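A.B. asks: Below are the sequence and a predicted model for it; my questions follow.
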Amino acid sequence: RSYSVTGVQTCALPISYGIIAALPILMLLFGCKSSTTPQVSKLTGRVILQNDTSDSSKDPLDYSGVMIALYSPAVLDTTIVRLNQIHPYIGIQISQETDFDHRLQAPIATTLSQADGTFSFTDIAIGTYNIVYLKDGWDLKYKYNVSVSQSDMALPDTVSLYPVRVLPSFVSVPYTFEADRSYRVLESTTFTQAVTINPDAKIYFDPVASIKFYDTVTTPHIPNKYWRMNSSYNMYESTKTTMDVEKYFDNVSLYGSQGIVANGLIKHLREGIAFINNNGHLQNIDIQFFKSGFTFNNVGGVVEHCSLRSGIQKGIQGLSTSHSLTVSNCLVYKNYDGIIAYTAGGFAVEDSYLIRNEYAIRPQFCSGTISNDNFHNNTFDIYQTNAETSINLNNFYFSSYTCITPSYDTLLRSNNFYKVGSYF
């Protein structure tokens, strides 16, 4: 029926229409039952201190005072992740183990262990974390990709920390860097006898400290296990640290006759790994944040399946009046100079990826071959100085300035160029 109010005729709606019209409001008020509060969990664990040295002064009174810190996993470079997936034989497969360094980010939460070694975190958001164990003078230990579930969670394994071995300035007996142990170089250490560096050994260098090996260095191979070298700067701090070059350690020099030095992770290095007096062979090494990477000083060099990332100056440098340099299956990424070849014995760069370098390869006063390589987003791909180079079967993508300069005394065969600044 209808009725009139102040001269305006209005039609009354059935009750069912009124209910339908009210449904959106009712749904807003009562329809959403789920809470927007993040789901949280409690995480518990235990850490103990074990003195496995002959120094009784390091016997712990109890297990208190270990800082345990939770961090978000390191963000892996998507360019390298894709390359690892498509070409797993190029360089090193990156992961939390290769890229996480607790000093480069702020923790999400920290706590301290009790006298019995137990610790707990409450109200931890559900997710995946890296866990760091910190106590001055003891191992620095990481646990990667720990998944915290919705229910309260206890870490399944008790973590053991051992005293850091401080290296003397001179070691005149054969020496072994043991797995799952940490070592510290305060200034400079010289080894005159054979040395073994086992997987999972960790060597920390104070800024500007160095190490010299005058005999052979052996690096046993265990799949997916690496030894480590890193700067000790702020290694026991949980807060974020700016790691500039003044905080890097100085260098590692190898003078003795070497086999293959392999399976290492190196970070925050100033003057690099140098081979002197005898030829060098590097394999499965990942080096990040350095001033100079690998140098072969008047000796021959072979570098294969290595990654060199974020170098301020030189990635690989061969300097010799008679020897050669060979680089294969490597990733050379974000360096100023990727590879410098100043080798009268010749050089070869093969089956490698060179990405986002200022100068990817610089041959100087030598001859050699560059073949089956991929150049991406470099400023200069190949910058030659009085070099005779055979450049074959390479791909050049998005070079911002010049692919090959100069092009004379150069043999070019079956190369691809795509959206480059200029060919020559």
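C.D. replies: Yep, that arrived.

A.B. asks: Just the helices from the stretch 1-150 of the chain, written as ranges.
C.D. replies: 15-26, 78-86, 96-99 (DSSP state H, counting those that start in this stretch).

A.B. asks: contacting residues for residue 245?
C.D. replies: Shown in contact with residue 245 (Cβ atoms under 8 Å, 6 or more residues apart in numbering): 270, 291, 312. Glycine gets a C-beta too; all of them are placed from N, C-alpha and C.

A.B. asks: hang on, the earlier thing: show me the least confident stretch of the helices of the stretch 1-150 of the chain, going by mean pLDDT.
C.D. replies: Of all those, mean pLDDT reaches its minimum on helix 15-26 (a mean of 51).

A.B. asks: Top of the contacts of residue 245 by number of neighbours, please.
C.D. replies: residue 270 (22 neighbours; other Cβ atoms under 10 Å).

A.B. asks: how far away is the spatially most central residue of the chain from residue 394?
C.D. replies: Nearest to the geometric centre of the chain sits residue 99, at 3.2 Å (Cα atoms, centre = their mean). Separation of residue 99 from residue 394 (Cβ to Cβ, to the nearest Å): 28 Å.

A.B. asks: tally of neighbours for the closest residue in space to residue 99 that isn't next to it in sequence?
C.D. replies: In this structure, residue 99 finds its nearest non-sequential neighbour in residue 74, 4.4 Å apart by Cβ to Cβ, 6 or more residues apart in numbering. Using other Cβ under 10 Å, residue 74 has 19 other residues around it.

A.B. asks: ok, residue 74 - contacts?
C.D. replies: Under the criterion of Cβ under 8 Å, 6+ apart, the neighbours of residue 74 are 96, 99, 100, 101, 104, 105, 130.

A.B. asks: Next one: it from residue 100, what distance?
C.D. replies: From residue 74 over to residue 100 the distance is 4 Å, taken as Cβ to Cβ.

A.B. asks: Now do the shared contacts for those two.
C.D. replies: By Cβ under 8 Å, 6+ apart, residue 74 and residue 100 have these common neighbours: residue 130.

A.B. asks: which residues sit in contact with residue 66?
C.D. replies: Residue 66 makes contact with 47, 49, 112, 113, 117, 119, 133, 134, 135, 138, 161, according to Cβ under 8 Å, 6+ apart.

A.B. asks: swap in residue 204?
C.D. replies: 140, 164, 182, 183, 184, 185, 229, 230, 231, 232, 235.

A.B. asks: 7 Å instead?
C.D. replies: Residue 204 is in contact with 182, 183, 184, 230, 232, 235, counting by Cβ atoms under 7 Å, 6 or more residues apart in numbering.

A.B. asks: Keep only those of those that are in strands.
C.D. replies: Residues of these located in strands (DSSP state E): 182, 183, 184, 230.

A.B. asks: The third one: neighbour count?
C.D. replies: Here the number of neighbours of residue 184 (other Cβ under 10 Å) works out to 18.

A.B. asks: ok, back up a step: let me know the distance separating the residue nearest to residue 99 from residue 104.
C.D. replies: Residue 74 sits 8 Å away from residue 104, going by Cβ to Cβ.

A.B. asks: what do you get for residue 52?
C.D. replies: Noted for residue 52: a distance of 30 Å to residue 104, by Cβ to Cβ.

A.B. asks: Between these two, which is the more surrounded one?
C.D. replies: Using other Cβ under 10 Å as the criterion, residue 52 and residue 104 rank with residue 104 on top: 15 against 11.

A.B. asks: quick one, what contacts the more buried one?
C.D. replies: Residues near residue 104 by Cβ under 7 Å, 6+ apart: 240, 243.

A.B. asks: Which residues outside stretch 215-228 are in contact with it?
C.D. replies: Residues from elsewhere that reach stretch 215-228, judged by Cβ under 7 Å, 6+ apart: 177, 191-203, 254, 256-259, 261-265.

A.B. asks: Among those, which lie within strands?
C.D. replies: Using DSSP E, the subset of the contacts of stretch 215-228 located in strands is 177, 191, 195-197, 202-203, 254, 261-265.

A.B. asks: and the two most separated of these?
C.D. replies: Spatially, the most separated pair among the ones in strands among the contacts of stretch 215-228 is 191 and 265, at 20.4 Å (Cβ to Cβ).

A.B. asks: tell me which element residue 316 falls in.
C.D. replies: Residue 316 belongs to strand 307-320 when elements are defined using DSSP states H and E.

A.B. asks: SS state for residue 399?
C.D. replies: Under DSSP: H, G, I helix; E, B strand; the rest coil, the three-state class of residue 399 is coil.

A.B. asks: And the pLDDT for it?
C.D. replies: Looking at residue 399, its pLDDT is 90.

A.B. asks: for it, what are its contacts?
C.D. replies: Listed by Cβ under 7 Å, 6+ apart, the contact partners of residue 399 are 375, 378, 381, 420, 421.
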